[in-house]
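Peer 1: Okay, here's the prediction I keep looking at, along with the sequence it came from:
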Amino acid sequence: MFEESTTPDLVELVRRFNDAWNRRDVDAFLSLLAPEAVYRPITTWPEPQERRGSDEVRRFFIPDSLEVWTEDFTSEPRTIREHGNAVIALLRFSGHAMASGIEIGGGVFRVFRFRDGQIAWIEDFTDRDEARAAAERLAEERG
């Protein structure tokens, strides 16, 4: 299903993706996503449905974020490691809700898969073991 990436440094690609999101740099963000990119948020997210295609993924990450969170909302990688043909990142996020001003913070394990030097698959987990299992499952699908 997934082809091995032609990008030599997958960890750096994930860092660039996260940096583009933090800057709300739509052009840089889109340049890192494959046209058929898939995003699966954590199942407890208010709208947990899968997003398919770079436009849906972009709309979830960029405009939705700008409408919900103040400009101080950021996502900082604590660890980013290759795991087979995937990358797993532990991201810590913090900021304030736009409507209420309530401070929010937490973390998520994000699994990335790649195709032709771009990010093709992103899936979020609250549990490290579930993230590892997903990365291994994707490697098995690739065969």
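Peer 2: Structure's in. What do you need?
Peer 1: nearest spatial neighbour of residue 16, skipping sequence neighbours?
Peer 2: Nearest residue to residue 16, sequence neighbours excluded (Cβ to Cβ, 6 or more residues apart in numbering): residue 32, at 6.1 Å. Every residue, glycine included, has its C-beta placed from N, CA and C.
Peer 1: can you check residue 112 too?
Peer 2: According to Cβ to Cβ, 6+ apart, the nearest residue to residue 112 is residue 87 (4.5 Å).
Peer 1: Wait, a helix at that neighbour?
Peer 2: No - counting by DSSP: H, G, I helix; E, B strand; the rest coil, residue 87 falls outside a helix, being strand.
Peer 1: ok, back up a step: what is the burial count for the residue nearest to residue 16?
Peer 2: When neighbours are defined as other Cβ atoms under 10 Å, residue 32 has 22 of them.
Peer 1: again, but for residue 53
Peer 2: 15.
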